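Undergrad: Dropping the sequence and predicted coords here.
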Amino acid sequence: MADNSAKFADLRDKYPRFIYHGYELHYDADSVTLRFDFEIDGLADFHPEIVINMGEIPFFMPNSRTADLLAFHIGLIELLSYWKVSCAPIVEIACAPIDENQIQWLKKLYYNGLGEFFYVNNINISMSDFMTIKSTFNADNASNNRSNNALASGISYNGCLIPVGGGKDSCVTLELLPQNADNYCVIVNPKAPALECAHTAGYGNDRIITIKRRICGKLLDLNAEGFLNGHTPFSAVLAFITYFTAVLTRRKYVVLSNESSANEANVAGTKINHQYSKSYEFERDFVSYAKRVFGDGQPYYFSFLRPLNELQIAMIFSKFPQYHNVFRSCNAGSKGEKWEWCRNCPKCLFVFLILSPFLPRERMIEIFGGDLLAEAENPNSPLFSTLQELQGRGTAKPFECVGTFDEVNWALSDEKSRDYSVLKQYDEQNGLPPEFSAILHDFIGEQNNYD
């Protein structure tokens, strides 16, 4: 942790205004491009870009009112990556109307999604004080009617849009969902493991949508200069981008692969959660917001694996050896071209631990290129303290997408002492449509042979 509380106060005083000036939306024959115009008054302007590459998949341009509303909302979440540079106390929304209910919804997402950012920078501030969102939109100057409830009724939506990250969770979703020509994969900033996982599941390039999210270079420059930096709720950006993509391709469902374990906070007794935008709370809030703002039509956003815990997902994944040599769940390793296991981060160690009850140790070593558990049990290893934190013996759980303390300790426990009922659980707090719930129930009932 770094004590940036004084820097936080100083930057807010020097640069009190962040402005969302606008967005642009461009259609080509096989892609859709979104560009945004953000400004920290007196410091810098930013122009990030998102390109949705459809490839061979047909898509339908929604009416301008719908397209504007969806693009505008992607910008509302994308702006957090740039706002955090100075944490301006005032955010002005200049490019579209926004009402008080929307403002309060955004403030809740922003504040909880930035919980880790505030924690690691030692910033103590309340939800009411951290940001004031103001609408400065001038309706008289608007060229389009950007009213709410824009999704047209009477349009037929079919199939699923499945985000694939290259980890075990999305592999399980791909494998359990019935193969359907109406199902598409979507991959953000694609690298070989994510593409290979989709291919392994039977999805050819004609059913894969790739999205390039391009960070504005000025943000990287300011980070290098020592301005504030840290985690933002990327999965919330993903929610709005995939929702827009589902509208473009008329997919009925956006099917995430977030599990019940994502609900646990990293710091006990708080809501500070690295995975807040993967939590059921956010999922429920997003569905409610989408219905109110975009309309009652499709698509519908939910997490297919929400009823399951990480141990159950690991057990299921262990039954699909075709993915074992191609999947990757290491954020550090993803920064390289090959995306290899770094074998030195909390995510690598967690995935090794959670799979270890279900695969032979020799096979685990082959997959990861080393024995991470033996390394973590060595007091001289950097992974030793990571193991303590994953078990709940540190001040906080590592700020990565890892499971609960109980799951880690179960995986580390003696085989004879384990309570295998944990592998038969089904969390009823979920948003699954009945047909998807039936798939999980049937698979758990048929495949779970543990007593």
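TA: That came through, no problem.
Undergrad: so Ala265 makes contact with Asn273?
TA: Yes. With contact defined as CB atoms under 8 Å, Ala265 reaches Asn273; the gap is 4.8 Å. For glycine as for every other residue, the C-beta is placed from the backbone atoms N, C-alpha and C.
Undergrad: between the two, who's got more neighbours?
TA: Taking Ala265 and Asn273 together and counting by other CB atoms under 10 Å, Asn273 has the greater number of neighbours (24 against 18).
Undergrad: Look up how far Ser260 lies from the more buried one.
TA: The spacing between Asn273 and Ser260, counted by CB to CB, to the nearest Å, is 13 Å.
Undergrad: The stretch 151-300 of the chain: strands as residue ranges?
TA: Here the stretch 151-300 of the chain has its strands, by DSSP state E, counting those that start in this stretch, at 160-163, 184-188, 208-214, 253-256, 300-303.
Undergrad: closest one to Ser334 among the ones you listed?
TA: Closest to Ser334 of these, according to CB to CB: strand 184-188, at 11.5 Å.
Undergrad: can you list contacts of that closest one?
TA: 57, 159-166, 174, 194-195, 198, 201, 203, 207-213, 238, 241-242, 245, 249, 251 (CB atoms under 8 Å, 6 or more residues apart in numbering).
Undergrad: Parallel or antiparallel, list what pairs with that strand.
TA: Sheet pairing for strand 184-188, assigned by DSSP bridges, gives strand 160-163 (parallel), strand 208-214 (parallel).
Undergrad: Show me how far that strand is from its chain's centre.
TA: Strand 184-188 has its C-alpha centroid displaced from the chain centroid by 13 Å (CA atoms, centre = their mean, to the nearest Å).
Undergrad: same question for that strand, mean pLDDT?
TA: Averaged over strand 184-188, pLDDT sits at 97.
Undergrad: which residue is nearest the centroid of this protein?
TA: By CA atoms, centre = their mean, the mean C-alpha position of the chain lies nearest to Ser235, the distance being 2.3 Å.
Undergrad: I'd like the strands of the stretch 151-300 of the chain as CSV, with mean neighbour count and distance to Pro48 appended.
TA: Listed next are those as CSV, based on neighbours: other CB atoms under 10 Å; distance: least, CB to CB, whole Å:
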stretch, mean neighbour count, distance to Pro48
strand 160-163, 24, 20
strand 184-188, 23, 13
strand 208-214, 19, 6
strand 253-256, 26, 22
strand 300-303, 21, 23
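Undergrad: Now distance to Cys95 too, for the ones you listed, in JSON lines please.
TA: Converted to JSON lines, those look like this (distance: least, CB to CB, whole Å):
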{"stretch": "strand 160-163", "distance to Cys95": "27"}
{"stretch": "strand 184-188", "distance to Cys95": "24"}
{"stretch": "strand 208-214", "distance to Cys95": "20"}
{"stretch": "strand 253-256", "distance to Cys95": "25"}
{"stretch": "strand 300-303", "distance to Cys95": "24"}
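Undergrad: Out of those strands, flag the one nearest Glu435.
TA: The nearest among the strands of the stretch 151-300 of the chain, by CB to CB, is strand 253-256 at 10.0 Å.
Undergrad: How many residues are close by Phe320?
TA: 17.
Undergrad: what's the burial count for the residue nearest to it when sequence neighbours are not counted?
TA: Spatially, and ignoring its direct neighbours in sequence, Phe320 is nearest to Glu175 (5.3 Å; CB to CB, 6 or more residues apart in numbering). Using other CB under 10 Å, Glu175 has 19 neighbouring residues.
Undergrad: same deal with Val267?
TA: Considering only other CB under 10 Å, Val267 is surrounded by 16 other residues.
Undergrad: and the gap between it and Ala239?
TA: Distance, Val267 to Ala239, by CB to CB: 24 Å.
Undergrad: ditto for Lys252
TA: In terms of CB to CB, Lys252 sits 16 Å off from Ala239.
Undergrad: Pipe the strands paired with strand 184-188 into CSV and attach distance to His21 and mean pLDDT per row.
TA: As requested, these are exported to CSV (distance: least, CB to CB, whole Å; pLDDT from 0 to 100):
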stretch, distance to His21, mean pLDDT
strand 160-163, 29, 98
strand 208-214, 18, 97
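Undergrad: Out of those, the one nearest Ile123 is which?
TA: strand 208-214 (25.8 Å).
Undergrad: quick one on the thing from earlier: for Asp30, which of the strands paired with strand 184-188 is the nearest?
TA: Once those are compared by CB to CB, strand 208-214 is nearest, at 10.3 Å.
Undergrad: What are the contacting residues of that closest one?
TA: 48-55, 57, 161, 184-190, 195, 198, 237, 241, 245, 249.
Undergrad: again, only using 7 Å
TA: 48-55, 57, 184-190, 198, 241, 245 (CB atoms under 7 Å, 6 or more residues apart in numbering).
Undergrad: Restricted to buried residues, select those in PyMOL.
TA: Selecting only the buried members of those in PyMOL, with burial defined as 16 or more other CB atoms under 10 Å, works like this:
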select buried, resi 48+49+50+51+52+53+54+57+184+185+186+187+188+190+198+241+245
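Undergrad: Next, Glu24: secondary structure please.
TA: strand (DSSP: H, G, I helix; E, B strand; the rest coil).
Undergrad: Next, count neighbours for it.
TA: Neighbours around Glu24, by other CB under 10 Å: 12.
Undergrad: which residues does it bridge with?
TA: Beta-bridge partners, per DSSP bridges, of Glu24: Arg35.
Undergrad: Report the separation between the two terminal residues of stretch 80-90.
TA: 13 Å (CA to CA, to the nearest Å).
Undergrad: actually stretch 182-200, not the one I typed
TA: OK, stretch 182-200 end separation, CA to CA: 17 Å.
Undergrad: same thing with stretch 374-393?
TA: Using CA to CA, the two ends of stretch 374-393 sit 18 Å apart.
Undergrad: cool, and stretch 340-347?
TA: 12 Å.
Undergrad: do the same with stretch 48-60
TA: Stretch 48-60 end-to-end distance (CA to CA) = 24 Å.
Undergrad: re earlier: isn't the residue nearest to Phe320 right up against Pro321?
TA: No. Here Glu175 does not reach Pro321: they are 11.3 Å apart, not a contact under CB atoms under 7 Å.
Undergrad: ok, Thr245 - contacts?
TA: Ile52, Leu161, Val186, Ile209.
Undergrad: same thing but at 6 Å, please
TA: With contact taken as CB atoms under 6 Å, 6 or more residues apart in numbering, Thr245 is in contact with Ile52, Val186.
Undergrad: likewise the one 4 residues further on?
TA: Applying CB under 6 Å, 6+ apart to Thr249 gives the contacts Phe59.
Undergrad: per-residue confidence at it?
TA: 96.
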